[in-house]
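Visitor: I would like to see how this sequence folds:
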Amino acid sequence: MELIRDTRSALRIVVLAVVAGVTTVLVLQYEEPEKSDSRSGELDIAFFIKQAEVTGTAPDGRIIYRVKADYAQQNPDSDAITMETVALSYDPAADTPWDLFSDTGRIPSDGKLVILEGNVLALSKEPETSAISIRTSRLYVTPGEKTARTDRKVVIERDGQRVNGIGMEADLNSSNVKLLSNVNGKYLPAARP
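Guide: Okay, here's the model as predicted:
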């Protein structure tokens, strides 16, 4: 009789093990995949770079300008590059006396334009004259042509003098700046020795 009980117990254990195994296989087959974190798996960017630098060159290979950013990324659906904490500097050999800075920036897919946005600051760096600063909220820079333009409010300062306007076109090579509308300013007479 005890042999029958031992056989029944062993049979029950085998049946339970088979049921557990089948259940495990079925659960694993029909289990939904885990939701992935947005930073893992497939990302919605083609690439991202910390401490990025883009160099623009002349047809002969000379460096004309550099665009540096703390962070840059490219989305897979376009070749445009978006950047954070941006600095555009012309090479000293390019004879373009300007450095430009902004919170963010974009380089569209054709690569010919740099759009600077958020606290845009352009500073002249001509050694023989006093510095000029230009502030605006958005600036379209064509680095290869050494031009900049905006349709936004602009503030230009030099030697304590201040001029405001709406819209601007600038030839960065010659430092000619043209305000387009609503121009007004404050000029203080130069102090006499």
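Visitor: tell me how many other residues crowd residue 118.
Guide: Per other CB atoms under 10 Å, the neighbour tally for residue 118 reads 13. No exception for glycine: its C-beta is placed from N, CA and C like everyone else's.
Visitor: now it: closest residue in space that isn't a chain neighbour?
Guide: In space, and not counting its chain neighbours, residue 118 is closest to residue 103: 3.1 Å by CB to CB, 6 or more residues apart in numbering.
Visitor: who's in contact with the residue nearest the centre of the chain?
Guide: Nearest to the geometric centre of the chain sits residue 83, at 0.7 Å (CA atoms, centre = their mean). By CB atoms under 8 Å, 6 or more residues apart in numbering, the contact set of residue 83 is 52, 67, 69, 71-72, 104-107.
Visitor: any low-confidence regions in this structure?
Guide: 1-45, 94, 187-193 (pLDDT under 70).
Visitor: can you verify the residue nearest to the centre of the chain is assigned to a strand?
Guide: Yes: the assignment for residue 83 by DSSP: H, G, I helix; E, B strand; the rest coil puts it in a strand.
Visitor: not counting sequence-adjacent ones, nearest residue to it?
Guide: residue 69 (3.6 Å).
Visitor: now the one you found, what's its secondary structure?
Guide: strand.
Visitor: that one pairs with what?
Guide: In this entry, residue 69 is beta-bridged to residue 52, residue 86, by DSSP bridges.
Visitor: correct me, but it touches residue 101?
Guide: No: counting by CB atoms under 8 Å, residue 69 stays clear of residue 101, with 10.8 Å between them.
Visitor: for those two, indicate the residue with more neighbours.
Guide: residue 69 (24 against 17).
Visitor: measure that one to residue 175 for me?
Guide: Applying CB to CB, to the nearest Å, the value for residue 69 to residue 175 is 25 Å.
Visitor: tell me how far stretch 52-59 lies from the chain's centre.
Guide: Offset of stretch 52-59 from its chain centre (CA atoms, centre = their mean, to the nearest Å): 16 Å.
Visitor: quick one: contacts of it?
Guide: 63-72, 81, 83, 107, 143-144.
Visitor: now tabulate the contacts of residue 83 in a markdown table and tack on distance to residue 92.
Guide: Listed next are the contacts of residue 83 as a markdown table, based on distance: CB to CB, whole Å:
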| residue | distance to residue 92 |
| --- | --- |
| 52 | 22 |
| 67 | 16 |
| 69 | 21 |
| 71 | 26 |
| 72 | 24 |
| 104 | 26 |
| 105 | 22 |
| 106 | 26 |
| 107 | 23 |
